[in-house]
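> Compute the structure for the input listed below.
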Amino acid sequence: VADLEAIRRTLGADRIILVGLSWGGSLTAQYLAAHGEHVAKAVFTSPGALWGRQYPGSKAGQPWNRLSPDQKARRDRLNSAPRIIAASLLLQINPGAAHALVGDREVDHWMHEVALQGKDSTSCEGASPTTAHDNPQGFYSNQMTVRDFEQLPDPRPRLRTLHVPSLIMRGECDFIKPAVTAEYQHTLAGSELVTVQGAGHSISGEQPGRYTALLRAFLLDEPLPTGTG
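This next block holds a predicted model:
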């Protein structure tokens, strides 16, 4: 949130438009709660939990239930690696010591391999396999961010007082629980929730045409295109 506010100040913009995907949706909500007067519009795409303490860990939804037996076995083997277990346990006590024991390169590679097992489980059943990216996923940054997120106060009372135009997009096959997405609509006055058919968690990747049409219409104050949900 502080980083986003610093970016806004650097740009010299009185108000900005935020578009948040997954965890980015949670972050957008936190920025709204802190600096709502500086947000012109907000878009939440397959957003994660609105309040981390309400859905700790993976309780907002996870794709792992859709793994094939081979993928599940591979994931179980990865999760049972002794050094990973040691780093995970030590992380709860002394993050610096965990980082010294298992460095970024090793643990980020492990996290990438785990993610590959579930890359196709975030889409609708029968969808074509997605192309894997090679971007390292920072294990320690992810773990520390989640831990911090679950300690934050409830942003919903503040969010209910705001009147920022908001669009919420949800793929029909998103692994995030419907109640998690619906809470954005219930909390943000005047927001609109659209369900995109044929999309899972990555709407822009699986239905790019529909995603772009919805995004452009919302940002240009035009009627949302029909046939999107």
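
> Where does pLDDT dip in the chain?
Where the chain drops to pLDDT under 70, the residues are 227-229.

> For it, which segments count as helices?
Applying DSSP state H to the chain gives helices spanning 2-11, 23-35, 69-79, 82-91, 95-101, 104-117, 139-149, 156-159, 178-187, 203-206, 208-219.

> Would you convert those into a markdown table that also reports mean neighbour count and distance to Val43?
Every C-beta, even on glycine, is put in place using the N, C-alpha and C of the backbone. Shown next, in a markdown table, are the helices of the chain (neighbours: other CB atoms under 10 Å; distance: least, CB to CB, whole Å):
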| stretch | mean neighbour count | distance to Val43 |
| --- | --- | --- |
| helix 2-11 | 12 | 14 |
| helix 23-35 | 21 | 8 |
| helix 69-79 | 13 | 32 |
| helix 82-91 | 15 | 33 |
| helix 95-101 | 14 | 33 |
| helix 104-117 | 16 | 24 |
| helix 139-149 | 16 | 20 |
| helix 156-159 | 16 | 15 |
| helix 178-187 | 18 | 11 |
| helix 203-206 | 20 | 11 |
| helix 208-219 | 16 | 6 |
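
> got TSV for those, with distance to Lys41 too?
TSV is the format used below for these (distance: least, CB to CB, whole Å):
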stretch	distance to Lys41
helix 2-11	14
helix 23-35	11
helix 69-79	38
helix 82-91	37
helix 95-101	36
helix 104-117	31
helix 139-149	23
helix 156-159	15
helix 178-187	14
helix 203-206	17
helix 208-219	7
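
> closest to Arg53 out of those helices?
Closest to Arg53 of those is helix 139-149 (CB to CB; 8.5 Å).

> Mind listing residues that contact the closest one?
Residues from elsewhere that reach helix 139-149 (CB atoms under 8 Å, 6 or more residues apart in numbering): 23, 26, 52, 57, 91, 95, 98-99, 104, 107-108, 110-111.

> Redo the residues you listed as a markdown table? Include distance to Arg9.
Listed next are the contacts of helix 139-149 as a markdown table, based on distance: CB to CB, whole Å:
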| residue | distance to Arg9 |
| --- | --- |
| Trp23 | 23 |
| Ser26 | 22 |
| Gly52 | 26 |
| Gly57 | 34 |
| Leu91 | 33 |
| Pro95 | 30 |
| Ala98 | 34 |
| His99 | 31 |
| Asp104 | 30 |
| Val107 | 34 |
| Asp108 | 31 |
| Trp110 | 37 |
| Met111 | 33 |
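
> and which of the residues you listed is nearest to Pro136?
Asp108 (4.3 Å).

> What about the residue lying closest to that closest one once chain neighbours are set aside, how many residues nearby?
Leaving out its chain neighbours, the residue that sits closest to Asp108 by CB to CB, 6 or more residues apart in numbering is Pro136, at 4.3 Å. Neighbours of Pro136 under the rule other CB atoms under 10 Å: 13.

> For Ile176, which residues are in contact?
Residues near Ile176 by CB under 8 Å, 6+ apart: Ser22, Ser46, Pro47, Gly48, Ala60, Gly61, Arg170, His201.

> one step back: which residues touch the residue nearest to Asp108?
For Pro136, the contact set (CB under 8 Å, 6+ apart) comprises Asp104, Asp108, His109, Met111, His112.

> Among these, which pair sits farthest apart?
Taking CB to CB, the two most distant members of the contacts of Pro136 are Asp104 and His112; they sit 11.7 Å apart.

> Just to check, Ser191 is in contact with Tyr184?
Yes - judged on CB atoms under 8 Å, Ser191 makes contact with Tyr184 at a distance of 6.5 Å.

> Perfect, I'm done here.
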